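**Student:** dropping the sequence and predicted coords here.
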Amino acid sequence: MTHPLKCSYPEGYEKKCLNALETALKKVPAYHSWKSADIGGKNVFSRYKALPLLDKALMNKYGPTGFVPEGLDLKKALAAGKVEIVKTSGSTGDRVSNVWYQPWWDASERSSWKLNSSAAQVCTGSHREAILASPLCVGFHRKDKYLSREERSLGRFLFLNERVNPVHWTERHMSRMLSELTEYRPVILEANPSYLARLSRFINRNELKVYKPPLIIFTYENPSILHQRQIDKAFGVPMASSYGSTETAYVFMQCECGKFHQNTEHCHVDFIPFSGKHGGPQTGAILVTTLANPWQSLLRFDIGDIVTLSSEACPCGRNDGLTLDTIEGRAVNITTSSNGRAVTQAALDRAIADIEGIAEYQLIQTTPYNYSFYYVPEENHIQKKLRVSLRKPLVASYGKKARFELLEVKGISPDPPGKYRLTKPLISINPRNFLETSYQPFPFTEKSKHPHYEFLS
Ligand SMILES: [Zn+2]
């Protein structure tokens with residue numbers, strides 16, 4: 001059995017974690033009722049582990065004002081333009097309002113660049129960036145007309161796209177993106193990988209020559225191996241995934257060797273293992289605590305993703321905080337095998353990656369045993385051969401009792417607000433049931449008496 005790497009932390013990290021904890025418990029209204037769960041003592045990390053988790057329901061109940069430390073005047077800061085309120089772009093049920101403090105966000109981004117040698121080399125904070133993502137997540141959205149380059153520019157940022165669904169992009173629209181890249185010559189191309197993969201398939205199909213940015217950074221979603229391959233073929237430049245959220249800023253950055261390193265200057269991460277049956281103990285959920293954000297105190301925030309810890313030191317030499325082999329994808333995207341085991345989207349993606357002839361896919365679980373596999377074939381594939389070769393990785397992932405329906409389609413649309421889901425359960429799955437029982441933290445609720453936790457299903 002392999003074991004996760006022992007964590008080491010930079011100087012001053014423990015003190016920062018202690019400050020974040022004490023500020024939250026003493027000065028932040030949302031955590032007043034958490035004090036009874038604090039075990040005290042010298043080991044700050046044990047104190048963290050004994051606390052409940054912060055989920056979006058609690059964020060909505062107290063936010064955004066309940067997460068501002070006492071003594072700060074939010075109204076005055078808002079009026080002065082020092083901070084603003086920013087809503088996350090999730091679907092309506094999990095949208096959250098945050099107090100947004102730009103200097104902290106920028107500092108978090110800057111410290112994440114140190115975790116990748118290309119980013120450390122080329123990112124200055126005043127460098128040009130082109131962004132290709134859903135305009136509902138970032139940039140300018142128009143349904144009725146196309147916008148000029150000037151209308152899609154904001155300071156050093158150029159937003160390449162104003163249309164939500166890449167399936168409906170026209171060749172003219174994609175050609176415009178490519179000429180703008182050539183003219184603008186961005187240092188960073190920041191992209192939602194499924195959006196950039198769509199553009200890359202267009203480049204590859206037409207054998208186009210494109211501008212090569214020094215670094216492509218993936219955000220917004222966890223990239224599929226197929227998408228990464230298409231992007232690599234089209235651009236052939238270094239690529240790295242930057243992982244974080246509107247609530248937490250930059251949490252992990254992928255280094256030049258491919259592993260993910262924790263942004264220890266700006267966050268603490270608690271790892272909660274899945275049980276052995278579901279892929280644990282090195283695969284599990286993460287809770288993020290933000291460090292040194294004066295305007296919003298987040299303690300053990302359930303960011304909603306599953307990761308796998310690394311058991312070997314990274315060849316790049318970075319060893320502060322958690323090191324991850326993979327980000328396994330959103331907890332809400334977990335499907336289950338026919339015998340009830342958790343299948344993360346990255347697990348299925350690794351199984352599908354070696355099948356030739358597929359441009360992209362989406363697996364939808366409709367019952368505990370039934371799965372619809374939608375796929376977009378590559379040109380010149382042999383349909384019968386492709387369908388036969390698909391069965392093997394699907395059965396390996398979901399078991400012999402699983403029933404598959406294979407459906408060839410022309411394109412796969414992202415879910416709102418513009419995130420492509422490789423896997424999607426239509427049955428009710430509670431990802432917290434996959435956690436190792438002895439490590440399970442629970443959302444806090446004032447209604448329950450003893451113990452202070454209640455299981456949310
Ligand atoms: Zn590394």
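**Tutor:** It's in.

**Student:** what about stretch 43-55, average pLDDT?
**Tutor:** Averaged across stretch 43-55, pLDDT comes to 94.

**Student:** that stretch: how far from the chain's middle?
**Tutor:** Distance, stretch centre to chain centre, for stretch 43-55: 22 Å (C-alpha atoms, centre = their mean, to the nearest Å).

**Student:** stretch 196-205 too?
**Tutor:** Taking C-alpha atoms, centre = their mean, one finds the center of stretch 196-205 at 23 Å from the center of the full chain.

**Student:** quick one, what contacts the closest residue to residue 149 other than its chain neighbours?
**Tutor:** Closest residue in space to residue 149, ignoring its immediate chain neighbours: residue 180 at 6.0 Å, by C-beta to C-beta, 6 or more residues apart in numbering. Yep, even glycine has a C-beta here, placed from its N, CA and C like the rest. Contacts of residue 180 were listed using C-beta atoms under 8 Å, 6 or more residues apart in numbering, and they are 130, 149, 158, 160.

**Student:** residue 180 in helix, strand or coil?
**Tutor:** Classification of residue 180 by DSSP: H, G, I helix; E, B strand; the rest coil places it in helix.

**Student:** the stretch 201-350 of the chain: helices as residue ranges?
**Tutor:** Along the stretch 201-350 of the chain, the segments classed as helices by DSSP state H, counting those that start in this stretch run 225-235, 345-352.

**Student:** and for the residue in the stretch 351-457 of the chain that the ion sits nearest to, the neighbour number?
**Tutor:** Of all residues in the stretch 351-457 of the chain, residue 353 sits closest to the ion, at 21.8 Å by C-beta to the ion. For residue 353, the count of nearby residues is 14 (other C-beta atoms under 10 Å).

**Student:** leaving out chain neighbours, which residue sits closest to the residue of the stretch 151-300 of the chain found nearest the ion?
**Tutor:** Nearest residue of the stretch 151-300 of the chain to the ion, counting by C-beta to the ion: residue 255, 3.2 Å away. Excluding its sequence neighbours, the residue lying closest to residue 255 (C-beta to C-beta, 6+ apart) is residue 316, at 4.6 Å.

**Student:** count of neighbours near that neighbour?
**Tutor:** For residue 316, the count of nearby residues is 16 (other C-beta under 10 Å).

**Student:** quick check: the residue of the stretch 351-457 of the chain closest to the ion touching residue 225?
**Tutor:** Yes - with contact defined as C-beta atoms under 8 Å, residue 353 reaches residue 225; the gap is 4.1 Å.

**Student:** what are the phi and psi values for the residue of the stretch 1-150 of the chain found nearest the ion?
**Tutor:** Proximity of the stretch 1-150 of the chain to the ion (C-beta to the ion) peaks at residue 115, 7.5 Å away. The phi and psi values for residue 115, taken as degrees, to the nearest 10, are phi -90, psi 0.

**Student:** for stretch 396-414, measure first residue to last.
**Tutor:** Stretch 396-414 stretches 26 Å from its first residue to its last (C-alpha to C-alpha, to the nearest Å).

**Student:** buried stuff in it?
**Tutor:** Residues of stretch 396-414 classed as buried: 397-399, 402, 404, 406, 412, 414 (neighbour count, 16 or more other C-beta atoms under 10 Å).

**Student:** in a markdown table, list the residues you listed along with secondary structure.
**Tutor:** Listed next are the buried residues of stretch 396-414 as a markdown table, based on three-state DSSP:
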| residue | secondary structure |
| --- | --- |
| 397 | helix |
| 398 | helix |
| 399 | coil |
| 402 | coil |
| 404 | strand |
| 406 | strand |
| 412 | coil |
| 414 | coil |
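
**Student:** out of those, the closest to residue 70 would be?
**Tutor:** Residue 70 has its nearest neighbour among these in residue 414, at 40.9 Å by C-beta to C-beta.

**Student:** quick check: closest non-adjacent residue to that closest one.
**Tutor:** residue 420 (4.4 Å).

**Student:** burial check on that neighbour, number of neighbours?
**Tutor:** 24.

**Student:** OK, contacts around the residue of the stretch 151-300 of the chain closest to the ion?
**Tutor:** So residue 255 contacts 115-117, 240, 261, 314, 316, 318 (C-beta under 8 Å, 6+ apart).

**Student:** repeat the analysis, applying 7 Å as the threshold.
**Tutor:** 115-116, 261, 314, 316, 318 (C-beta atoms under 7 Å, 6 or more residues apart in numbering).

**Student:** pLDDT at the residue nearest to residue 149, what is it?
**Tutor:** pLDDT recorded at residue 180 is 98.

**Student:** that one and residue 188, how far apart?
**Tutor:** From residue 180 over to residue 188 the distance is 15 Å, taken as C-beta to C-beta, to the nearest Å.

**Student:** re the thing from before, dump the contacts of residue 255 into JSON lines; add pLDDT as well.
**Tutor:** Below are the contacts of residue 255 laid out as JSON lines (pLDDT from 0 to 100):
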{"residue": "115", "pLDDT": "98"}
{"residue": "116", "pLDDT": "98"}
{"residue": "261", "pLDDT": "98"}
{"residue": "314", "pLDDT": "96"}
{"residue": "316", "pLDDT": "97"}
{"residue": "318", "pLDDT": "96"}
